[in-house]
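Asks: Build me a structure from this.
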Amino acid sequence: MNCQECDSQNIIKNGSIHNGKPKFMCKDCGRQFVENPTKKIISQETWDLVDKLLLEKIPIAGISRVTGISEPWLQKYINNKYENIEQKVNVVKKKAL
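Replies: Residues are numbered from 1 along each chain as shown. Next up is the predicted model:
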């Protein structure tokens, strides 16, 4: 097995990830990786459901249980969503009496 970053063969086992799959680390560049990772793709319908649940003020832990998306992924999604919202408020002054 070679490092995905520097192509070195100086690899050691470095614990495991949440599902028990072994994690490796390159001793040359320090990169950590999993051999043959499986990428979980979250459908657009699920993200639409997350948006609806956020509007209902459901806690992140509850949304995570319902949708099966981990809390760190949800937090990153929410942070990105709120960064893109315009923060400027247009205030109209009332006429004095």
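
Asks: residue closest to the middle of the chain?
Replies: Residue closest to the mean C-alpha point of the chain, counted by Cα atoms, centre = their mean, is residue 73 at 2.6 Å.

Asks: Could you check how far that one is from residue 50?
Replies: 10 Å (Cβ to Cβ, to the nearest Å). Where C-beta positions appear, they are placed from N, C-alpha and C, glycine not excepted.

Asks: hang on, the earlier thing: what pLDDT does the model give the residue nearest to the centre of the chain?
Replies: For residue 73, the pLDDT comes out at 90.

Asks: which ones are touching it?
Replies: Residue 73 is in contact with residue 42, counting by Cβ atoms under 8 Å, 6 or more residues apart in numbering.

Asks: Wasn't it part of a helix?
Replies: Yes: assigned with DSSP: H, G, I helix; E, B strand; the rest coil, residue 73 falls within a helix.

Asks: the helices in the chain, which residues?
Replies: 44-55, 60-67, 71-83 (DSSP state H).

Asks: To residue 28, which of those helices lies closest?
Replies: For residue 28, the closest of the helices of the chain is helix 71-83, at 28.4 Å, according to Cβ to Cβ.

Asks: Tell me the buried residues in the closest one?
Replies: 74, 77 (16 or more other Cβ atoms under 10 Å).

Asks: what's the answer for stretch 56-67, then?
Replies: For stretch 56-67, the neighbour count (16+ other Cβ under 10 Å) marks 60, 63, 64, 67 as buried.
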